[in-house]
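A.B. asks: have a look; sequence and predicted model below, questions after that.
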Amino acid sequence: MLPTIADVLALETVRRGNPRVVAGADRLDTKVRWVHVGEIADIAHLLRGGELVLTTGVALPDDPEKLADYVGELAQVGASGLVVELGRRFVRELPRAVIKSAEEHGLPVIVLTRETPFVQITESVHAWIIDNQLEELRASEQLHEVFTELSVEGASPADVLAQVARLSNRPVLLENLAHQVLACESAGRDIGALLAGWETRSRAVAPADRTAYDPASGWLVTTVGARGQDWGRLILLCDVPPGPRDMVLAERAATTLALGRLLERHQESLERQAHGTIITGILTHAYSDPDEAAARARAVGVPLTGRKLISVVIRPTEPVDQALDGQAQLGELAEATAAACRDARLPALVGALDQDRVGVLLPLPPRTHAEPALTTLADRLRMLWKPGSAFVLAAGSVVESIRDVRRSFLEAEQVADVAVRQPDGRAYYRLPDLRLRGLLHLLRDDARMQTFAERELGALLAHDAQRGGDLTRILRVYLDSGRNKAVAAQKAHLSRPAFYDRLRRLERILDTDLDDVESCLSLHVALLALESFRRENR
């Protein structure tokens with residue numbers, strides 16, 4: 001990191017000259033690439049830009065216009081500033097023409113009121129520059145190894161930010177171009193304070209360079225993107241101005257994030273990952289308190305406080321196509337769901353829960369009813385997702401607090417697990433819609449229900465287990481067919497005599513009459529209960 005003019009003025013060798021800023025006091029943050037001593041008036045054409053020019057002024061002209069031109073030419077070639085030692089050419093102060101021209105061109109001008117060996121100044125500044133360059137090289141080599149390994153491993157944005165926070169011991173955030181936080185590592189700081197009013201604060205920090213430090217906010221900001229397409233910013237929160245290693249760290253992390261984005265194939269967008277991380281954090285109690293979850297959600301544009309919260313689980317009804325990546329298919333469903341929420345003007349957290357389910361946390365205004373919102377979401381999703389692809393949308397109970405979201409999600413997951421087996425075309429499903437299946441799902445942990453199922457089916461399950469038989473499946477086909485033996489035989493792909501023979505074997509094993517309505521009802525309930533137990537243990 002190059003020193004600024006303010007850094008140069010703070011050096012002991014410069015302070016001995018009793019420096020005084022006479023022009024461009026608002027530009028002391030200008031970077032100094034090099035220091036050049038020049039005692040000729042036409043020096044500008046010898047400069048490359050970024051030089052701090054030192055002179056005693058002995059060769060400068062007397063004509064005020066020519067003095068103004070001298071300053072203007074320095075500014076035009078990009079000189080960082082001008083330092084003039086008083087005493088030889090200018091005794092007590094610089095000519096007014098020099099100061100006026102410097103102010104007009106925005107060139108910082110400093111006078112040294114005491115004699116100072118210029119060689120000491122050049123040595124001090126050049127040592128600063130070279131030492132910092134060496135430090136940057138060492139840091140770059142070390143960080144190159146760290147982030148190369150992350151890239152090879154396909155690390156997620158959260159993993160990259162965790163490494164940055166560990167190496168810097170500073171909070172770090174990744175935001176998109178809409179100034180919504182995609183990932184955050186707090187480094188032990190209060191997450192609510194870090195994210196409070198984030199969008200407003202972030203929009204106020206707009207450095208001109210791709211990597212720059214903003215002293216007013218204390219933010220080190222690095223643009224994230226590749227192939228000419230920027231898509232976010234990495235922000236390191238600094239209590240003190242960052243050093244060269246911090247600059248390299250931020251840039252290497254940004255490069256790793258950009259590379260990860262380019263290499264993504266059949267994966268969720270960063271927005272879906274960010275939303276999914278928040279949902280998972282709520283469900284697993286990963287956050288220290290509900291306020292942290294609310295702060296993270298608010299930072300991605302989804303307010304949760306002061307709202308009614310309803311959890312939604314969406315599952316495709318068709319099995320995952322083995323020819324395609326299941327994660328990719330679910331990612332497409334998640335993106336379609338997010339688009340449906342935007343179309344319906346329903347701010348929501350949307351992310352994949354696992355390989356089978358998409359989760360949605362839907363915050364609704366206090367006086368808004370859940371039913372119309374769920375219907376609208378389902379209708380929009382059917383329009384946006386793949387034509388002909390079906391899904392079930394299951395909703396949990398409406399809750400008032402983030403603390404109760406987990407219970408709502410568990411209910412929605414249970415409803416989805418049941419509804420996906422026999423969907424009937426509803427826009428959405430809730431626990432009361434499942435009737436007997438819903439009741440059995442609620443009672444699945446009850447020991448009395450488990451005892452009942454075991455009493456009804458234990459002999460049959462043991463028979464199939466010992467002989468590798470499929471009589472349990474035959475019983476289910478028979479009961480699902482309404483005890484219509486002809487239809488059941490067709491569904492079981494058996495001839496009628498063969499199917500009738502299996503029914504007789506079932507009656508012997510179960511010691512029951514399969515023509516008796518009450519006996520069949522009892523067996524059917526036991527089979528549905530068994531399915532609930534098995535889904536729970538998967």
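C.D. replies: Done, it's in.

A.B. asks: what's the local residue count around Ala489?
C.D. replies: 22 (other CB atoms under 10 Å). Backbone N, C-alpha and C define where each C-beta goes, glycine included.

A.B. asks: can you list contacts of the strand or helix carrying it?
C.D. replies: Secondary structure from DSSP states H and E places Ala489 in helix 485-491. With contact meaning CB atoms under 8 Å, 6 or more residues apart in numbering, helix 485-491 is reached by 477-478, 480-481, 495-496, 498-500, 503.

A.B. asks: average pLDDT for it?
C.D. replies: Here helix 485-491 scores 90 as its mean pLDDT.

A.B. asks: show me what counts as buried in stretch 248-264.
C.D. replies: Going by neighbour count (16 or more other CB atoms under 10 Å), the buried part of stretch 248-264 is 248-261.

A.B. asks: run the chain-centre distance for that stretch.
C.D. replies: From the chain centre to the centre of stretch 248-264 is a distance of 14 Å (CA atoms, centre = their mean, to the nearest Å).

A.B. asks: now do the phi/psi pair for Ile191.
C.D. replies: phi -70, psi -30 (degrees, to the nearest 10).

A.B. asks: correct me if wrong: it contacts Val181.
C.D. replies: No - using CB atoms under 8 Å as the test, Ile191 is too far from Val181 to be in contact (10.1 Å).

A.B. asks: list residues touching both of those two?
C.D. replies: Arg296.

A.B. asks: ok so, going back, run through who's touching the helix or strand just after the helix holding Ala489.
C.D. replies: Using DSSP H and E, the next helix or strand after helix 485-491 towards the C-terminus is helix 496-510. Contact with helix 496-510 is made by 456-457, 459-460, 463, 471, 474-475, 478, 485-486, 488-489, 492, 494, 513-514, 523, as judged by CB under 8 Å, 6+ apart.

A.B. asks: may I have helix 496-510 as CSV, with CA atoms only?
C.D. replies: The C-alpha trace of helix 496-510 is given here as CSV (Å, rounded to 0.1, in the frame of the first residue of the first chain):
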residue,chain,number,x,y,z
ARG,A,496,-56.4,-63.1,-10.5
PRO,A,497,-55.8,-66.6,-9.2
ALA,A,498,-52.3,-65.7,-8.1
PHE,A,499,-53.6,-62.6,-6.4
TYR,A,500,-56.4,-64.5,-4.7
ASP,A,501,-53.8,-67.0,-3.4
ARG,A,502,-51.8,-64.2,-1.8
LEU,A,503,-54.9,-62.8,-0.1
ARG,A,504,-55.6,-66.3,1.4
ARG,A,505,-52.0,-66.4,2.7
LEU,A,506,-52.4,-62.9,4.2
GLU,A,507,-55.6,-64.0,6.0
ARG,A,508,-53.7,-67.0,7.5
ILE,A,509,-50.7,-64.9,8.6
LEU,A,510,-52.8,-62.1,10.0
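
A.B. asks: go through that helix and flag the buried ones.
C.D. replies: Result for helix 496-510 [16+ other CB under 10 Å]: buried residues 499, 502-503, 506, 509-510.

A.B. asks: quick revisit: what about the helix holding Ala489, distance to the chain center?
C.D. replies: Per CA atoms, centre = their mean, the centroid offset for helix 485-491 relative to its chain is 53 Å.

A.B. asks: got the CA positions of it in PDB?
C.D. replies: Output of helix 485-491 as PDB, limited to C-alpha atoms (Å, rounded to 0.1, in the frame of the first residue of the first chain):
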ATOM      1  CA  LYS A 485     -59.800 -57.700  -6.000                       C
ATOM      2  CA  ALA A 486     -59.900 -57.400  -9.800                       C
ATOM      3  CA  VAL A 487     -58.400 -53.800  -9.800                       C
ATOM      4  CA  ALA A 488     -55.900 -54.800  -7.100                       C
ATOM      5  CA  ALA A 489     -54.700 -57.800  -9.100                       C
ATOM      6  CA  GLN A 490     -54.100 -55.500 -12.100                       C
ATOM      7  CA  LYS A 491     -52.200 -53.000 -10.100                       C
END
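
A.B. asks: return the set of buried residues in that helix.
C.D. replies: 488-489.

A.B. asks: do stretch 195-211 as well
C.D. replies: 195, 198-199, 202, 205, 207, 211.

A.B. asks: could you do stretch 286-295 as well?
C.D. replies: Using 16+ other CB under 10 Å as the test for burial, stretch 286-295 gives 287, 290, 292-295.

A.B. asks: quick one, which of these has the minimum pLDDT?
C.D. replies: Among those, Tyr287 has the weakest pLDDT, 84.

A.B. asks: for that one, what are its contacts?
C.D. replies: Contacts of Tyr287 (CB under 8 Å, 6+ apart): 191, 281, 293, 296.

A.B. asks: make TSV from these and add secondary structure and distance to Arg421 to it.
C.D. replies: Output for the contacts of Tyr287, formatted as TSV (DSSP: H, G, I helix; E, B strand; the rest coil; distance: CB to CB, whole Å):
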residue	secondary structure	distance to Arg421
Ile191	helix	40
Gly281	helix	30
Ala293	helix	32
Arg296	helix	35
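
A.B. asks: if any of those residues are buried, give me the PyMOL selection for them.
C.D. replies: Burial among the contacts of Tyr287 is assessed by 16+ other CB under 10 Å; the matching PyMOL selection reads:
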select buried, resi 191+293+296
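
A.B. asks: could you point out the helix or strand that follows the one helix or strand in the chain whose mean pLDDT sits lowest?
C.D. replies: Sorting the helices and strands of the chain by mean pLDDT, DSSP states H and E puts helix 435-442 at the bottom, at a mean of 69. Beyond helix 435-442 on the C-terminal side, the first helix or strand identified by DSSP H and E is helix 447-467.
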